[in-house]
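Visitor: Sequence and predicted structure are below.
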Amino acid sequence: MSQVMSDWISLLGLLVALFGAGITAWAVILRPEDAVNIGVTRWAGETDEENLKLPLVQNLLASSRWAMRGLLLISIGTAFQIVPIVSRLV
């Protein structure tokens, strides 16, 4: 296999990995309103501000923040791997 073909396959693999990481993170990244709807019992507070303080809602939001950080790190790492391949192909 030639070096150019190998680079194209590597580039495609990295792009697919990045896309897959985005889909995975998208499943757990929540807006505060979504966390309230999922994590609030029916005996909750009257306002979203009160409900955002509930432990389950806080746990959902923390998981969402870590998912966003993980996606960011995977994106940065993938970009670092893509740069040399693209520079060889151009």
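Guide: Alright, I've got the coordinates.

Visitor: Could you check the pLDDT of the nearest residue to Asp7 once chain neighbours are set aside?
Guide: Excluding its sequence neighbours, the residue lying closest to Asp7 (Cβ to Cβ, 6 or more residues apart in numbering) is Ile85, at 4.8 Å. (C-beta placed from N, C-alpha, C; glycine too.) In this prediction, Ile85 carries a pLDDT score of 86.

Visitor: Tell me which residues touch Ile85, please.
Guide: 7, 10-11, 14 (Cβ atoms under 8 Å, 6 or more residues apart in numbering).

Visitor: In ChimeraX, how would I select the buried members of those?
Guide: This is how ChimeraX selects the buried members of these, with burial counted by 16 or more other Cβ atoms under 10 Å:
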select :7,11,14
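
Visitor: Let me have the contacts of Ile85 in a markdown table, adding pLDDT, secondary structure and distance to Gly70 as columns.
Guide: A markdown table is the format used below for those (pLDDT from 0 to 100; DSSP: H, G, I helix; E, B strand; the rest coil; distance: Cβ to Cβ, whole Å):
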| residue | pLDDT | secondary structure | distance to Gly70 |
| --- | --- | --- | --- |
| Asp7 | 85 | helix | 27 |
| Ser10 | 86 | helix | 22 |
| Leu11 | 87 | helix | 22 |
| Leu14 | 87 | helix | 17 |
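
Visitor: what's the closest of the contacts of Ile85 to Leu30?
Guide: Leu14 (27.3 Å; Cβ to Cβ).

Visitor: Can you tell me how far the closest one is from Ile85?
Guide: Noted for Leu14: a distance of 8 Å to Ile85, by Cβ to Cβ, to the nearest Å.

Visitor: now Leu56
Guide: Leu56 is 44 Å from Ile85, by Cβ to Cβ.

Visitor: Count the neighbours of Glu49 for me.
Guide: Neighbourhood size, Glu49 [other Cβ atoms under 10 Å]: 10.

Visitor: Name the surrounding residues that touch the strand or helix carrying it.
Guide: Taking DSSP states H and E as the criterion, Glu49 maps to helix 48-51. Contact with helix 48-51 is made by 32-33, 36, 39-40, 44-45, 57, as judged by Cβ under 8 Å, 6+ apart.
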